[in-house]
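A.B. asks: Predicted model, plus sequence, below.
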Amino acid sequence: MKDWVKRKWLVLGSVTLVITFPILLNYLIFSWRAPGVNGNWMDFIGNYIGIIVTGIFSFLLWKTSIKSADAAKGSATATEESVKVAIKSVEIAEKTLSFYKQQQEKLDTERSIMSREYQDRFLKEARYLYNILRGIGDGKPNLVAIQKGYYINLPTPREFAEFFKDEQIECIKKIWQIYLDHYSSSWMEHDTGEVTRLKYDTDPNVKKEAYKASNELAEQLMKLESYGKLY
């Protein structure tokens, strides 16, 4: 109730001030001869109302300008934040790409090392098989070496695919097949699967066959060495 009364008197006071203010101005500034009305009264009222209206519009324009400035400032701030986020995203992407490249280089290096090890190993074993056949052809068979050569395994399909070229794979398979053919026909006891020199001691053609097989293996070995490394 008290608040309503206060608002009522505040409104009445504001209206009274607006009405009486031009009269006071006219008395004090324009030497208005009370209580009569001079000829400038209507002009004064018009000017007064124009000033009030202009002031109201100026105030509203000022408030609108303030809101526009705040909105522009907010938009600029949002844009700045967006730019910062974009820059941060680019930095993260660059770091991720750099990490990926480092990991890929590491994997490539490890793969290159493993490839060289695999190729060197099988090249060494191919030379070992050649030396076995050459020794047989020269009349110096070594049964332990002959048996060991039989148990040397080919690379697995995964090892072939990952660490060897196609032409290397072809040579390696031919080398192993040349040795296994000679071993199974001249040195293996088919009933027991053990190595025996029985045929070597009784059949002089075994030396010739071993010498021929060693030449065929040497040809494949030279091709294998000429193809170079995969990595």
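C.D. replies: Alright, I've got the coordinates. Numbering: from 1, shown residues only.
A.B. asks: need the helices for the protein, in chain order.
C.D. replies: 2-28, 41-137, 143-150, 157-163, 166-186, 198-202, 205-226 (DSSP state H).
A.B. asks: any chance of those in a markdown table, with distance to residue 192 and mean neighbour count too?
C.D. replies: All C-beta atoms are positioned from the backbone trio N, CA, C, and that covers glycine. Converted to a markdown table, the helices of the chain look like this (distance: least, C-beta to C-beta, whole Å; neighbours: other C-beta atoms under 10 Å):
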| stretch | distance to residue 192 | mean neighbour count |
| --- | --- | --- |
| helix 2-28 | 118 | 11 |
| helix 41-137 | 20 | 12 |
| helix 143-150 | 12 | 16 |
| helix 157-163 | 31 | 14 |
| helix 166-186 | 13 | 18 |
| helix 198-202 | 12 | 12 |
| helix 205-226 | 19 | 17 |
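A.B. asks: Could you dump the ones you listed into JSON lines with mean pLDDT added?
C.D. replies: Output for those, formatted as JSON lines (pLDDT from 0 to 100):
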{"stretch": "helix 2-28", "mean pLDDT": "62"}
{"stretch": "helix 41-137", "mean pLDDT": "77"}
{"stretch": "helix 143-150", "mean pLDDT": "92"}
{"stretch": "helix 157-163", "mean pLDDT": "88"}
{"stretch": "helix 166-186", "mean pLDDT": "93"}
{"stretch": "helix 198-202", "mean pLDDT": "91"}
{"stretch": "helix 205-226", "mean pLDDT": "92"}
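A.B. asks: Any idea how many residues pack against residue 140?
C.D. replies: As a burial measure, residue 140 scores 8 neighbours (other C-beta atoms under 10 Å).
A.B. asks: What residue spans form the domains of the chain?
C.D. replies: 2-78, 104-226 (automatic domain parsing).
A.B. asks: Dump these into JSON lines; add distance to residue 85 as well.
C.D. replies: Below are the domains of the chain laid out as JSON lines (distance: least, C-beta to C-beta, whole Å):
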{"stretch": "domain 2-78", "distance to residue 85": "10"}
{"stretch": "domain 104-226", "distance to residue 85": "28"}
